[in-house]
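In: just to be clear, the model below is a prediction. Sequence and coordinates:
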Amino acid sequence: MPALPERARKADFDIGGTDAAEVPRAMLERATPRAVREHIRAGRWRGHTKRLAIGFHQANVIIVRREHAFDFMRFCMRNRTALPLLDVTDPGSPAPERAAPGADLRTDVGDYSIFRNGRFAERVPDLNALWRTDHVAFLTGCSISLARPLQEAGVDLPHVSKDAAPAPAMFITNRQCTPAGIFFGPLVVGMKVVPNETVVAMTAVTSRHPDCHGAPVHIGDPAALGIDNIEAPDWGKAKAPPPGHTAMFWACGLTAQTAAMAAGIPEMITQTVGRMFVTDLPVLAAL
């Protein structure tokens, strides 16, 4: 596994956790994206957003200062598999006008991770006290949005369908992203272990959604990605695939965090893993 600078090793925050909620998940699964955001903004939902407003895009949120925004936009454009852009805000505006008009990125995620000078610094429930007039927010696609297409294809992924199932394990690979300005670093991938008979369907469904990372970047032996021990991921927990199962790997939005850590920029703010921003963009719509 390629070594990042010590300051850039994995952040010390969890990717699981229980749902902190005053409303049942089942109700939010059927809710509109706007309603889900309103519950999050009011503090009535703080948990994992899987299956909420099912059928709409859930996005990674990456916020940088204006001086780094152009470089980061170029980094996204050059590494679209990991960072497929859904929207970019105007400097100082917390409103993603294309993805969710009327939303507020300072409050509508509910759990934010702050990185300063290449290190994880803290988690906060909102950005009201931290928002700056030079902040630019980027929304990038995520595979968690594919709950409905996978369900319709008859593919069951426990980390999506089961409330208590842990999030997929994520690994820093030996594949380097195409650099842009100050941003560089290795590709991060998420692993899903699936029954052998599901591999073709998983590949087919995800390939139709490049805005959600698209097709897997690798199937099979993790050593090809520089992963020496599949049971020691950089984020999350994992076990070696049991007989009759295959490990599949997709590009992951955590690539943005490793790039910020490697560059050591003064500040990057992201949603905490698994607590995504729910947009108004239908998954099946052409983006």
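Out: Good, I have the coordinates.

In: in the protein, which helix or strand is least confident?
Out: helix 158-161 (a mean of 60; mean pLDDT, DSSP states H and E).

In: run through who's touching the very next helix or strand once past that helix.
Out: With elements assigned by DSSP states H and E, the helix or strand that comes after helix 158-161 is strand 170-176. Under the contact criterion Cβ atoms under 8 Å, 6 or more residues apart in numbering, strand 170-176 has outside partners 1-2, 4, 10, 15, 184-191, 217, 222, 225-227, 233-236, 249, 252, 254, 258. Heads up, the C-betas are built off the backbone N, CA and C, glycines and all.

In: and these, which of them are buried?
Out: 4, 10, 15, 185-191, 217, 222, 225, 227, 233-236, 249, 252, 254, 258 (16 or more other Cβ atoms under 10 Å).

In: okay, and which of these map to helices?
Out: Thr258 (DSSP state H).

In: tell me how far the most far-flung residue of the chain relative to its centre lies from Asn196.
Out: Most distant residue from the mean C-alpha position of the chain: Pro243, 29.0 Å away (Cα atoms, centre = their mean). Per Cβ to Cβ, to the nearest Å, Pro243 is found 9 Å from Asn196.

In: equivalent analysis for Arg46, please.
Out: Taking Cβ to Cβ, one finds Arg46 at 37 Å from Asn196.

In: who has more neighbours out of these two?
Out: Arg46 (19 against 11; other Cβ atoms under 10 Å).

In: pretty sure the more buried one is touching Gly110, no?
Out: Yes - contact criterion Cβ atoms under 8 Å: Arg46 and Gly110 qualify, at 5.1 Å.

In: any residues in contact with both of the two?
Out: Ile40, Pro125, Arg275.

In: who wins on neighbours among those residues?
Out: Ile40 (26 neighbours).

In: ok but it is inside a helix, no?
Out: Yes - looking at Ile40 with DSSP: H, G, I helix; E, B strand; the rest coil, it is inside a helix.

In: that one reaches Asp108, doesn't it?
Out: Yes - between Ile40 and Asp108 a contact is recorded at 5.6 Å, counting by Cβ under 8 Å.

In: mutual contacts of the two, please.
Out: Listed contacts common to Ile40 and Asp108 are Val278; contacts here mean Cβ under 8 Å, 6+ apart.

In: next, please give the residue ranges for the strands of the stretch 101-250 of the chain.
Out: Ranges of strands in the stretch 101-250 of the chain, per DSSP state E, counting those that start in this stretch, are 112-116, 119-124, 135-141, 170-176, 186-195, 218-219, 245-251.

In: can you redo those strands as TSV with mean pLDDT and distance to Ala53?
Out: Output for the strands of the stretch 101-250 of the chain, formatted as TSV (pLDDT from 0 to 100; distance: least, Cβ to Cβ, whole Å):
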stretch	mean pLDDT	distance to Ala53
strand 112-116	96	20
strand 119-124	94	23
strand 135-141	98	15
strand 170-176	96	24
strand 186-195	94	21
strand 218-219	98	30
strand 245-251	96	22
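
In: ok, which of these comes nearest Leu150?
Out: Proximity to Leu150, assessed across the strands of the stretch 101-250 of the chain by Cβ to Cβ, is greatest for strand 186-195 (10.3 Å).

In: starting from the closest one, tell me which strands it pairs with and how they run.
Out: Paired neighbours of strand 186-195 in the sheet (DSSP bridges): strand 170-176 (antiparallel), strand 245-251 (antiparallel).

In: now find how far off-centre it is within its chain.
Out: From the chain centre to the centre of strand 186-195 is a distance of 13 Å (Cα atoms, centre = their mean, to the nearest Å).

In: what do you get for stretch 119-134?
Out: 18 Å.

In: and that stretch, end to end?
Out: 21 Å (Cα to Cα, to the nearest Å).

In: in it, what counts as buried?
Out: Buried, per 16+ other Cβ under 10 Å, within stretch 119-134: Phe120, Asp126, Leu127, Trp131.

In: before we move on, what about stretch 192-205?
Out: So, applying 16+ other Cβ under 10 Å, buried residues of stretch 192-205: Lys192, Val193, Val194, Thr198, Val199, Met202, Val205.

In: widest-spaced pair of those residues?
Out: Farthest-apart pair in the buried residues of stretch 192-205 is Val193 and Val205; separation 16.5 Å (Cβ to Cβ).

In: and for Phe70, the neighbour number?
Out: Counted with other Cβ under 10 Å, Phe70 comes out at 13.

In: what helices and strands are in contact with the helix or strand containing it?
Out: Assigned by DSSP H and E, Phe70 belongs to helix 66-78. Judged by 3 or more Cβ pairs under 8 Å, 6 or more residues apart in numbering; DSSP states H and E, the packing partners of helix 66-78 are strand 85-88, strand 135-141.
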